[in-house]
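*Asks:* Using only what follows, build the 3D model:
(2 chains)
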Amino acid sequence: MTLTVVTWNVNSIRLRTEQLARLSAELRPDVICLQETKVTDALFPRDAMVALGYRHVAAHGMKGYNGVAVLSRLPIEAIGTPHWCGRQDCRHLVVTIAGIEIHCVYVPSGGDVPDPAANPKFAHKLQFLRELTDWYARTCDPARPLVLVGDLNVAPLESDVWSHRQLLKVVSHTPVEVEALGALAASLDWVDAVRHFVPAPQRLYTWWSYRAADWAKSDRGRRLDHVWVTPALKGRLIAARVVREARNWQPPSDHVPVAVTLAMPKTQVTSR
DNA sequence: ATGGTTGCACGGCAA
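*Replies:* Next up, the predicted model:
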C-alpha cells in the first residue's frame, strides 16, 4: 500500500480543471494539495473534483488572491486553518488523512525588492516563515508523521535555480530567505523528500515564468514548490517526481505538480 | 538595462 501526495500551485483552480483531470489520470494521486486557488469556498468547483474521484475536499479560499485546498480519495479526518502575521489570507490548511497530518502551505511571494525595511511584502514573507518556524518547534513533534507541502516561494539550493550567481539578489533565492527556510526545515528536522531522490547538484525546477518566450528553451526555472516529511516518515519514502511536462498543459500554471509516494502500513489505508 | 505574461475582475494589483 502506498500514499501519493501531490502539491501544485494551480494559479486559479477554475482554469485548471482539465489539467487536474490529466494529473489524476496519469499519476493517480491519493491526495492533491493546491495553492493559489483564487476562489472563495462558496465558488470552489467541488463537484468537478468529486467527478475526478476526489470525494473529500477541504477548501480554504478568498476572492481573487491566495487560497489553499486539499483534494483526497481517502477521508479527511480533521481540518485546521492556522493564520499568521495577524492576517486572514488563506495560506495554510492542515488536514489529517490516513493518520498523517498534511500541511498545505502558500508562503508569501515577497514582492520585488529583497529588503524588509523598504518592502513590506518581503518583511511579511520573512515574518511568515519565522512564525511557522516557531509554531512547529513549539507545538509539533518530529516523531509524529507529518507532511509539509506547498509553494514555499524559496529556492534554497544552488541547483534549485538556473543561475545561483544571478539570483542572489532576486527574491526567492536571497541568503536571508534561504536562511529563514533553513530555520523552518530545522524546526522539526524536516526531510526534503524530493532531494532525497534527486540530490544536488542535479538541477531541479518547479516554476518557470510566464514571461519567457520559450520556457523550456531558456529553462530559467526555480524550485519553489516542496514536499517535506518528518523523520518519522523518512523510512517510508518510495518515490518523488516533478511533473515538468505539466508546464505545457494548456493553459498552463507557471508552477508544475510535485509528487511524493509513501509506503503505508496496511491498516492505515481503509475506506474510500 | 529593460520588459517580458497571466489571473482576477474589469482597474490596477499580485505574482
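*Asks:* Quick one: name the residues of chain A near DNA strand B.
*Replies:* A:11-12, A:14-15, A:38-39, A:63-66, A:108-109, A:111, A:121, A:209-211, A:251 (CB under 7 Å from any atom of the strand). (Each C-beta comes from the backbone N, C-alpha and C, glycine too.)
*Asks:* and the residue of chain A at minimum distance from DNA strand B, how many residues sit next to it?
*Replies:* In chain A, the residue that lies nearest DNA strand B is A:S12 (2.9 Å; CB to the nearest atom of the strand). Residues near A:S12, counting by other CB atoms under 10 Å, number 14.
*Asks:* Hmm, A:L34 and it touching each other?
*Replies:* No - A:S12 lies out of contact with A:L34 (CB atoms under 8 Å); the separation is 10.2 Å.
*Asks:* Regarding chain A, what is its longest helix?
*Replies:* helix A:120-139 (DSSP state H).
*Asks:* what are the ranges of the strands in the stretch 51-200 of chain A?
*Replies:* All strands of the stretch 51-200 of chain A, identified by DSSP state E, counting those that start in this stretch, fall at A:56-60, A:68-72, A:76-80, A:92-97, A:100-106, A:146-151, A:191-192.
*Asks:* so the second one versus strand A:92-97, what angle?
*Replies:* Per axes from the mean of the first three to the mean of the last three CA atoms, to 10 degrees, the angle that strand A:68-72 makes with strand A:92-97 is 10 degrees.
*Asks:* Please enumerate residues in contact with strand A:68-72?
*Replies:* By CB atoms under 8 Å, 6 or more residues apart in numbering, the residues outside strand A:68-72 that reach it are A:13, A:20, A:30-35, A:37, A:44, A:49, A:52, A:54-61, A:76, A:90-93, A:95, A:97, A:102, A:104-106, A:150.
*Asks:* at 7 Å what do you get?
*Replies:* With CB atoms under 7 Å, 6 or more residues apart in numbering as the contact definition, strand A:68-72 has outside contacts at A:13, A:30-35, A:37, A:44, A:49, A:54, A:56-61, A:76, A:90-93, A:95, A:97, A:102, A:104, A:106.
*Asks:* again, but for the last one
*Replies:* Contacts to strand A:191-192, defined as CB under 7 Å, 6+ apart, come from residues A:H226, A:W228, A:V229, A:P231, A:K234.
*Asks:* Could you pull up the mean pLDDT of that strand?
*Replies:* For strand A:191-192, the mean pLDDT works out to 98.
*Asks:* Could you do the first one as well?
*Replies:* Per-residue pLDDT over strand A:56-60 has a mean of 98.
*Asks:* Can you check what angle separates that strand from strand A:92-97?
*Replies:* 160 degrees.
*Asks:* Counting by contacts, list what strand A:56-60 packs against.
*Replies:* strand A:68-72, strand A:76-80, strand A:92-97 (3 or more CB pairs under 7 Å, 6 or more residues apart in numbering; DSSP states H and E).
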